[in-house]
Structure formats: C-alpha cells, structure tokens
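**Q** compute the structure for the input listed below.
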Amino acid sequence: GEAFACVQAGNAGHVDQAVAAARAAFHDWSRTPDARRKDLLHALGAAIEEDMPTLMELVTKESGKPLGGLNGVGAGMEVGGSIAWTHVTADLDLPVEVIQDDDIARIEVHRKPLGVVASITPWNWPLMIAIWHVIPALRAGNTVVMKPSGLTPTATLRFAELANRILPPGVLNIVTGESGVGSAIAKHPDINKIVFTGSTPTGKTIMQNAAGNLKRLTLELGGNDAGIVLPDVDPKAVAPKLFGVGFHNNGQTCACLKRLYVHDSIYDEVVEELARLARDTVVGDGLVEGTQLGPVQNKAQLDFVHELVEDARANGARILSGGKARPGKGYFYEPTVIADAKDGMRVVDEEQFGPVLPVIRYSDVDAVLTRANDNENGLGGSVWSNDRKKAAELALQLECGTAWINEHGAVQPDAPFGGVKQSGLG
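**A** This is a model prediction of the structure:
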C-alpha cells in the first residue's frame with residue numbers, strides 16, 4: 001500500500017515520438033540479416049539473466065508475487081521464464097513455405113515484418129507477458145513500442161533499459177502512463193499491429209480504435225477457465241495439483257483454473273483437501289523467504305474479490321477456508337475455497353482474478369460439459385482423469401483456445417496460445 005517508485009506519466013506526444021523512432025529504425029532492422037537478429041536477441045536473454053536479482057525484486061515489489069512462490073511460481077519463475085522464452089524465440093526459424101512446385105507453378109509463402117508493433121501489457125505478469133509480446137515481434141524484424149500497465153511499470157522499464165544497450169536505437173521504445181497512452185497507441189495511424197493482454201472491455205475498445213488504419217490485432221482477454229474432475233481420480237493425489245493451478249500468483253493469471261467441477265462421488269473429499277491446503281498456505285511479504293502467496297496487486301481488485309465471495313456466502317455457498325481480507329497494511333486476502341458453489345453465482349460466472357476457487361458439484365459428465373461451456377469466456381480448460389483417452393475426448397469438446405489433460409495453464413513459446421468467444425483473437 002506504499003509507493004516505492006515514481007515513474008513518468010507519458011502522454012500522446014510521447015507516443016508520437018516513440019512511434020517515429022520505431023518507424024525510422026524499421027528499414028534497417030527489417031533488413032538486418034536473420035542470424036544477426038538471432039544473436040542480438042540471445043545477447044538480450046543473457047543480459048536479463050545477468051540482471052535477474054534486480055528484475056526479481058522489482059517484479060515482487062510492484063506485483064506482490066513472492067520471490068519463490070507457491071510451487072515455485074513467483075518472481076524467480078517469471079524472470080527465469082522470460083530468459084528462457086527469449087532464447088527459445090530467438091532460435092525460431094522463419095522458413096519459406098513451398099505450397100506447390102511443379103510444371104504448372106511454384107508458390108511460396110514468405111513471412112515478412114509488418115512494421116511498427118505496439119505491446120500493451122497487464123499488471124499480473126508484467127515482465128513475462130512483455131517478453132511474450134516483444135521478442136517474437138523483434139525476431140520477425142518489426143520494431144516495437146511498449147506500454148506497460150500503470151500499476152506495474154518498473155520491471156518493464158528495466159527490461160527496456162537493458163534492451164537498449166544491445167539493440168540499435170529506435171528498435172525498442174517504451175512509454176509509461178495510463179489509459180491516455182493506450183488510447184493514443186490504439187488510434188495511431190503509423191502502428192501496424194497491436195498485441196494486447198488484459199480485460200475484455202479494454203480489448204474491445206482497442207479493437208474499435210484500431211479500425212482507423214485496419215491494424216492487425218492479437219488480443220488475449222479475460223478468462224474464466226473451467227476444470228472438470230472425473231470420478232476415477234484419487235482426491236488426495238489430485239488436490240495439490242488442482243490447488244497449485246488455481247492459486248499460483250494468487251489466482252491472478254488469465255489461464256488459471258477458476259471454476260472447478262468435481263464429480264459427486266469424490267466431491268466432499270476434494271473440497272476438504274483443497275481447504276486444508278489453503279489453510280496451510282503461507283501468505284505474506286513476497287520478499288520474505290518461504291512466502292507462498294503475496295497480496296492481491298491493487299485495492300480495486302481486492303474489493304472485487306471480496307464482493308464476489310460475499311455474494312457467494314449470501315447465496316448459500318460454504319466458505320471452507322479464508323473468505324476475508326487480512327487486517328493491517330497491504331492488500332492481503334486469505335486463500336479461499338468455496339464449497340456448494342453453483343452456476344449462476346457471480347463467483348462462478350465472473351472471472352474473480354484472485355485467491356478464490358469455487359468448487360461445483362456434478363453427477364452427469366455430458367451435462368457438466370454443457371455447464372462448463374456456458375460462459376462468455378473461452379481461454380483455457382482442463383479435464384482431470386486417470387483415463388487419458390476419455391479425458392481427451394471430453395477436452396476436445398471444451399469451448400476454449402487451449403485444453404489440458406491433468407494440467408492447466410501450461411504454455412510454451414513454440415505452441416499457439418489464445419482464446420475464443422470473449423477471450424480474444426489471434
């Protein structure tokens with residue numbers, strides 16, 4: 001709840017300067033030999049690794065996630081993942097695809113840079129998501145203008161500082177600020193593509209503003225991911241994994257498990273084990289060794305999480321663990337497992353984006369698929385079972401961009417990731 005840094009509030013004029021710098025740098029960068037671009041990005045990955053302690057501390061101070069974190073998912077994982085993602089993306093090739101080569105014709109598909117790509121990132125994984133946006137764009141020969149969340153700009157600023165010691169001037173630019181900067185980027189006539197991760201309403205506004213020059217878009221928006229647990233699993237064995245994928249980063253992850261459907265025959269055992277794990281979780285200062293979960297990132301999000309829990313309580317759900325904010329400084333909310341949750345409750349139907357997991361009872365597998373799909377979001381989903389073939393059949397029927405088996409939220413740089421319905425496009 002206390003400021004630890006002061007960051008410049010940029011405006012539309014700064015966006016114009018950044019875009020002009022990126023446009024001026026595009027000609028030479030897009031024609032830089034492929035091997036040279038690879039080498040520079042590998043050098044950037046090495047620079048991030050060398051600066052890892054500084055970046056980890058900034059991530060923890062601005063986002064709240066612990067240095068270590070629940071199951072190792074914390075600032076160390078965010079920075080370490082950023083390093084790995086940079087190196088793997090640097091090594092991706094862009095081959096010419098030959099569609100046809102015969103006596104009639106030769107047809108080739110070439111992948112060419114678009115121009116200036118803008119990246120607008122959220123507060124939950126500030127450095128990691130910036131890397132996801134920026135490194136592929138640079139790898140392909142585009143120049144970039146970044147706008148980090150106004151709630152978490154410091155680690156991204158540090159990344160840009162490191163990058164500009166390595167990349168040619170103007171290739172990577174950053175403007176910090178609030179919504180006015182984002183609006184200027186969305187409307188800018190000299191930006192060719194926007195990559196945005198954030199809320200669905202903001203994504204829709206960006207899409208409307210981008211129509212002026214038909215910008216290409218990649219929008220990774222809200223998620224309310226469902227997980228379905230089949231009756232053949234061992235409750236005690238599966239509960240720790242379910243807890244980890246539902247509560248890491250305090251549930252503040254787009255592709256986090258947010259609605260858990262458990263078969264009636266094992267329901268009570270699963271919810272009791274989840275509640276026990278929640279009560280045993282160490283919540284506190286992310287800079288203190290051993291802390292598993294830190295605070296919710298901001299006051300508005302804390303209030304929203306509390307509102308959803310109270311709505312569930314008022315509508316007959318049982319709060320088996322947590323269910324309240326901790327007194328004193330900081331935006332700490334106890335890990336909360338909600339039993340007897342039902343479709344139609346706000347905590348089930350809306351994305352809570354906090355340390356809260358509603359667990360919903362079901363008895364019919366076909367019916368639960370319909371219930372899981374009856375949501376406007378469609379980012380990720382999962383099926384949990386000892387019968388992988390059966391699980392895969394069900395997973396393929398989930399209306400989401402990615403479906404996992406006995407896992408949730410696993411992503412990697414050489415696999416597509418995105419959503420359907422209101423969870424975005426591209």
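**Q** ok, which stretches of the stretch 251-400 of the chain are strands?
**A** Ranges of strands within the stretch 251-400 of the chain are 257-263, 318-321, 336-341, 356-362, 377-378, 380-384, based on DSSP state E, counting those that start in this stretch.
**Q** how about those in a markdown table, adding distance to Lys193?
**A** Placement of C-beta: from N, CA and C, glycine included. Formatted as a markdown table, the strands of the stretch 251-400 of the chain follow (distance: least, Cβ to Cβ, whole Å):
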| stretch | distance to Lys193 |
| --- | --- |
| strand 257-263 | 29 |
| strand 318-321 | 44 |
| strand 336-341 | 39 |
| strand 356-362 | 35 |
| strand 377-378 | 23 |
| strand 380-384 | 24 |
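**Q** how close does the residue lying farthest from the centre of the chain sit to Ala84?
**A** Note on the chain: the largest C-alpha distance from the chain mean falls to Asp103, namely 48.0 Å (Cα atoms, centre = their mean). Counting by Cβ to Cβ, to the nearest Å, the gap from Asp103 to Ala84 is 46 Å.
**Q** hmm, back to that, tabulate the strands of the stretch 251-400 of the chain (JSON lines), appending mean neighbour count.
**A** Output for these, formatted as JSON lines (neighbours: other Cβ atoms under 10 Å):
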{"stretch": "strand 257-263", "mean neighbour count": "26"}
{"stretch": "strand 318-321", "mean neighbour count": "19"}
{"stretch": "strand 336-341", "mean neighbour count": "25"}
{"stretch": "strand 356-362", "mean neighbour count": "24"}
{"stretch": "strand 377-378", "mean neighbour count": "26"}
{"stretch": "strand 380-384", "mean neighbour count": "29"}
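**Q** how about those in TSV, adding mean pLDDT and distance to Gly251?
**A** Below are the strands of the stretch 251-400 of the chain laid out as TSV (pLDDT from 0 to 100; distance: least, Cβ to Cβ, whole Å):
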stretch	mean pLDDT	distance to Gly251
strand 257-263	98	7
strand 318-321	98	13
strand 336-341	98	9
strand 356-362	98	6
strand 377-378	98	15
strand 380-384	98	14
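**Q** so which of the ones you listed gets nearest Leu94?
**A** strand 380-384 (27.4 Å; Cβ to Cβ).
**Q** what angle sits between the closest one and strand 257-263?
**A** 30 degrees (axes from the mean of the first three to the mean of the last three Cα atoms, to 10 degrees).
**Q** partners of strand 380-384, with directions?
**A** Counting by DSSP bridges, the strands paired with strand 380-384 are strand 225-229 (parallel), strand 402-405 (parallel).
**Q** which one of those is the most hemmed in?
**A** Highest mean neighbour count among these (mean count of other Cβ atoms under 10 Å): strand 225-229, with a mean of 27.
**Q** which element follows that strand toward the C-terminus?
**A** Counting by DSSP states H and E, the next helix or strand C-terminal to strand 225-229 is helix 235-247.
**Q** packing partners of that following helix?
**A** Helix 235-247 makes packing contacts with strand 225-229, strand 257-263, helix 267-280, strand 356-362, strand 380-384 when contacts are defined by 3 or more Cβ pairs under 8 Å, 6 or more residues apart in numbering; DSSP states H and E.
**Q** rounded mean pLDDT for stretch 412-426, please.
**A** Mean per-residue pLDDT for stretch 412-426: 95.
**Q** could I have it exported to PDB, CA atoms only?
**A** Taking C-alpha atoms only, stretch 412-426 is exported to PDB below (Å, rounded to 0.1, in the frame of the first residue of the first chain):
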ATOM      1  CA  GLN A 412       5.500 -22.600 -24.300                       C
ATOM      2  CA  PRO A 413       6.900 -20.400 -26.900                       C
ATOM      3  CA  ASP A 414       6.600 -22.800 -29.900                       C
ATOM      4  CA  ALA A 415       2.900 -23.600 -29.300                       C
ATOM      5  CA  PRO A 416      -0.100 -21.400 -30.200                       C
ATOM      6  CA  PHE A 417      -1.900 -19.700 -27.300                       C
ATOM      7  CA  GLY A 418      -5.100 -17.700 -27.400                       C
ATOM      8  CA  GLY A 419      -8.800 -17.700 -26.700                       C
ATOM      9  CA  VAL A 420     -12.200 -18.000 -28.400                       C
ATOM     10  CA  LYS A 421     -15.500 -16.200 -27.700                       C
ATOM     11  CA  GLN A 422     -14.900 -13.200 -25.400                       C
ATOM     12  CA  SER A 423     -11.400 -14.300 -24.500                       C
ATOM     13  CA  GLY A 424      -9.900 -12.700 -27.600                       C
ATOM     14  CA  LEU A 425      -8.500 -13.500 -31.000                       C
ATOM     15  CA  GLY A 426      -5.200 -14.300 -32.600                       C
END
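**Q** run the chain-centre distance for that stretch.
**A** 11 Å (Cα atoms, centre = their mean, to the nearest Å).
**Q** now do the buried residues in it.
**A** Buried positions in stretch 412-426, judged by neighbour count with 16 or more other Cβ atoms under 10 Å: Pro413, Phe417, Gly418, Gly419, Lys421, Gln422, Ser423, Gly424.
**Q** report the contact partners of the fifth one.
**A** This points to Lys421. Residues in contact with Lys421 (Cβ atoms under 8 Å, 6 or more residues apart in numbering) are Asn375, Glu376, Asn377, Gly378, Glu399.
**Q** list just the nearest of these to Leu151.
**A** Leu151 lies nearest to Asn377 out of the contacts of Lys421, by Cβ to Cβ, at 22.2 Å.
**Q** what packs against the helix or strand Gly13 falls within?
**A** Element membership of Gly13, judged by DSSP H and E, is helix 12-30. If you count contacts as 3+ Cβ pairs under 8 Å, 6+ apart, helix 12-30 packs onto strand 116-120, strand 143-147, strand 172-174, helix 179-187.
**Q** wait, which of those is closest to Pro53?
**A** The nearest among the helices and strands packed on helix 12-30, by Cβ to Cβ, is strand 172-174 at 21.6 Å.
**Q** name the strands paired with the closest one and say parallel or antiparallel.
**A** strand 143-147 (parallel).
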